[in-house]
Each structure stands twice: as C-alpha cells, then as structure tokens.
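Novice: generate a structure from the sequence data that follows.
(2 chains)
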Amino acid sequence: MARRLYLITGAPGSGKSTLLRLLPEVTDQFQIVPKVTTRRRRKDDGPEIRSIEHTNSAVIPGTHSLAEFVASHQLVYKYDYATSTLSVQGPLPHEELKAIKKAVIDEIDGEKRPDILRAIEALARRANSFPSKYDLIYEQYNVRYGLASSDLISLLCRGISPVAIVNDIRILRDIKAVFGQQACCIYIYAPLQAHELAALQTARGAVNASGGIDFEQTMRRTEKAKVILRRYIENIEVFDHVIINGRQTPTELAHQARGIMNAAADSFHELVVTEDLAE
Amino acid sequence: MKNPVLFVVVGASGAGKGVLLRSVRDMGERHVVVIPKVTTRSPKTTDGPEMISVSSIDLKRYDIQYGNYKAQYGISSREVYLGLRSGRHCLVICSNMKIAIPQLKEIFGPLMKLVYLYAPITPEVTEENQRLIGATRSDETKVRKDKVSVIFRYYIDNIGIFDHVLLNVGDPEDLSDQMFRLVQSYN
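Specialist: Below you'll find the model as predicted:
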C-alpha cells in the first residue's frame, strides 16, 4: 500500500474516532499522529489527541476565591502559600484563565491589578505554548491545536502513512502545499439529525448535573457540525475523498477507507510504470 | 479557462440532480456547458432543456448509448469535445455505471471528473418524489427506489474512482455553492 499522509476532517459525531479505531482492519502501515491541544483531555478522547503536559508556575497573591478554585481543580492546580506560587500542570484553558483572573482580581486592590493580570496571562501563555517542533498550529473555539510536520515526515520516511484529524482548512492547505499529492484530505460526513447527535453525546457522557442530556453541549456541537460542513462546502476542492457514514455498519466505513487507500496505491503504481518506461 | 474538464455527475433519483442542473444553468454557459442527452422515453414535466425526447436515437451522432428503465439514452462525445474545445467545462448527468460511465472514462480519460451527488434520501422519499413528478409506472418507481441503494453501494464500492462529492444536505444554495467552487478550482 502506497504511503500517503491522510488528513481526516469531520464534524462532532461524524465517526472520525470510529474510523481511526477501524483502520487496523484496513492496513497496518499507518500511525495515528496525535495533535497536541490546549484543552484538557475529555473522557471520549482517543489517541488522536494529547494535552500539553508540562508544568508552569507564577507568583500570584493568594485570595480566598483562588484557594476555592485550586481546591476544585486540585488534580491540575497547586498553590504554595509560602511562596505565593500558583502551579498548573498541562494547559490553561480559556475558561479556567477567566476564572483565575476573576478569583484574584475581585479581592485585590485596584492599583496592583495590572501587574497581577500580566503575571496570570504570562502563565497562560507559557502553559499553552507548544514545544518548538509543533509548526502546524491552529485555534478553534479558544482552543489551540498543533501538529509537527517533522513527525509526519519521519513516518513517511519509514514507509508508514501518518493519519491525523485536522479540522482547519488553512492547515490542510498548508500541508497540501508542502506534501502535494502525497497528502490526502478526507472529509467524513454523517447525516445526523439533532436528536441523533444528542443521543450520541449522552452515550459519550455529555450529561448535565442531574444526569439528563446536556443540551448546551449538544447545541454547541450541533453548531460546530454546521460550521464544519460549511468549511467543506466552501473548500470542496481541498478534499480528495468523502466517506459517508450513513446507516451502514462499521465494516462499510472500513470498506470506504480501504477503497481510498487502494486508489492511492493504484495511482502510485501508475507513476512507477511511467518511470520504468522513461528509462 | 486553463483546463476545461468534463464533470460526470452520478446521483440517485431525488438526490438533487435537477437542482444542480438549474444552478449550473444559472451560472451561465460561460462557466459550464450542460451536455444534452437524448432519450426514447416520453418527456416529463421536470425535464430541462438538456433532456431531449426522440422516437429513436441517431446512433452515429450519439455514440454513447445505454438503457435505463426500459428507455434508451444517448450522449454525443462530439458535443463534449466541442464544449471542451471552446474552453468551457462540460457537465453531464449520468448514473449508468455499467456502460456509460466506463465508456466516458475510456473516451475522456483524465479530462473526466467523476462527481457523486449525495443526499440522505430514503426509498420512501424517492417514491414520494416520483409521485410528485407524475411518474405513473409503478415498476419504474420501484426500480428507481431500488437504484437509490444501488448507486450508494456503487459509490461505497468504488470510492477511489470518484474525484469529488457534492453534499446535498442543506439549502439548494449550498449545492450551488459547492458546484461553483468546484468549477472555479479547475479554472
């Protein structure tokens, strides 16, 4: 099977993770390239996503609200009262940044606020910075994602097809500009109705405090699905193939992936024949 | 136009081929020429100018012939060549996977871009659509209903040979938008 770089784009619930799970049935010559992100890992995240892991700290005056915030996020935040140091392990997502600012500012004198805000923002910048190898970076809904082109290249050099989930058109275009026809953009589409998406979210644990459907999250994801479909519509030429995840079985999802990979292999065989003739 | 191509659109009954043709016609012949087909079936109210009913097909002129629902259809490769030679893209709707599409591929090779027109339609929707356009023959309606899954199956089994997919899953404008951008990408 020809080595190619497969980039998968799709809305929430379209079947991207299922497709990744099924890929071993299609080929063993692939490797999922995880994206790093500035959001915290979710329960339903697969191997295609990885949160930043480094720890950062900053000197910030302790307040009652900040202590409450740290107590409710004790898996990732620590506060050292002796040195007035707040430490965060991993990223510092947008909502948490807002909460920290509020927790500190509400209880601090006005004139000290600018310096403290600068310290908090500097902490967020450090916490959300990617290691330097990540050169393909995009932001969505206040969350940053990064891929390293060096990871893609090293896999291709070893004869392995890298597979990554990328929902950003600029990144897809950039990768295509660098890798040309070796980059294969696949859009995965599932004709899901709003209630089907809600059921899917519930199955994935998107429930509210009382155990019911989290309508806010479902609405956000429905909105995101529309945005991603719009990206396909407006950039149709970027995509080489579309996998339709309709009412078929998972086997048929794998069947479509196999068809795409075989087609890639065929086209590369054609190239080999041309070279032989030229000699 | 730098690289005029022939778009061959495959889509089941009710997938939105009529909407697509209308939007292509709205774009104007400066962008895309719709290649007419001749057919021995009687005219339908929904037929556009690209569907010409004839009593028999001129086999010399319409060199690509195929049968569908007990009627014969013909496409002229010469008309496609004339369109391409004039520097314009051409478009033909054709869902005959056994004869016409392989023949078109053989004639036009890489100039042909195979496009799948997808809509999440069910056999029930197809039946209703057929009723609305006044299809009276129940056997034809049944064949069309069956063909919805056959065409989808064809797409799934041959995904690698399709160059593009138009998703007809929202407003008709979205379909026009996709077609327009597709055309632009070959300019």
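Novice: ok, and what's touching stretch A:19-33?
Specialist: Around stretch A:19-33, the neighbours that count as contacts under C-beta atoms under 8 Å, 6 or more residues apart in numbering or on different chains are A:1, A:3, A:6, A:8, A:46-48, A:147, A:151-152, A:155, A:159-165, A:188, A:243, A:245, A:250, A:253-254, A:257-258, A:261. To be clear about C-beta, it is placed using only N, CA and C from the backbone, and glycine gets the same treatment.
Novice: quick check, B:Leu84 in contact with B:Cys90.
Specialist: Yes: counting by C-beta atoms under 8 Å, B:Cys90 is a contact partner of B:Leu84 at 6.1 Å.
Novice: more neighbours: the two, which one.
Specialist: Remark: of B:Leu84 and B:Cys90, B:Cys90 carries more neighbours, 23 against 19, as counted by other C-beta atoms under 10 Å in any protein chain shown.
Novice: doesn't B:Pro36 make contact with the more buried one?
Specialist: No: using C-beta under 8 Å, B:Cys90 is not in contact with B:Pro36; the gap is 10.7 Å.
Novice: list residues touching both of the two?
Specialist: Counting by C-beta under 8 Å, 6+ apart, the contacts common to B:Cys90 and B:Pro36 are B:Glu79.
Novice: filtering the contacts of stretch A:19-33 by proximity to chain B, which remain?
Specialist: Applying C-beta under 8 Å from any C-beta of the partner chain, the subset of the contacts of stretch A:19-33 adjacent to chain B comprises A:Ile243.
Novice: buried ones only from the contacts of stretch A:19-33, please, as a PyMOL command.
Specialist: With 16 or more other C-beta atoms under 10 Å in any protein chain shown as the burial test, the buried ones among the contacts of stretch A:19-33 are selected in PyMOL as follows:
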select buried, chain A and resi 1+3+6+8+48+147+151+152+155+160+161+162+163+164+165+188+243+245+253+254+257+258+261
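Novice: in chain A, which ranges drop under the pLDDT threshold?
Specialist: Counting by pLDDT under 70, the ranges of chain A that qualify are A:1-2, A:194, A:197-198, A:201-214, A:247-248, A:265-279.
Novice: okay, and the common contacts of B:Leu84 and B:Cys90?
Specialist: Common neighbours of B:Leu84 and B:Cys90 are listed as B:Pro4, B:Val5, B:Leu6 (criterion: C-beta under 8 Å, 6+ apart).
Novice: make sure A:Arg40 is indeed in a strand.
Specialist: No: A:Arg40 sits outside any strand when classified using DSSP: H, G, I helix; E, B strand; the rest coil, being coil.
Novice: that one: what's it in contact with?
Specialist: A:Ser51, A:Val76, A:Gly90, A:Pro91, A:Pro93.
Novice: phi, psi for the residue in chain A that chain B sits nearest to please.
Specialist: Among all residues of chain A, A:Ala263 sits closest to chain B, at 2.4 Å; criterion: C-beta to the nearest C-beta. Phi and psi for A:Ala263, reported as degrees, to the nearest 10, are phi -60, psi -40.
Novice: residue 98: how many residues sit nearby?
Specialist: You didn't say which chain, so I picked chain A. Number of residues near A:Lys98 (other C-beta under 10 Å) recorded here: 11.
Novice: please refer instead to chain B.
Specialist: Neighbourhood size, B:Lys98 [other C-beta under 10 Å]: 10.
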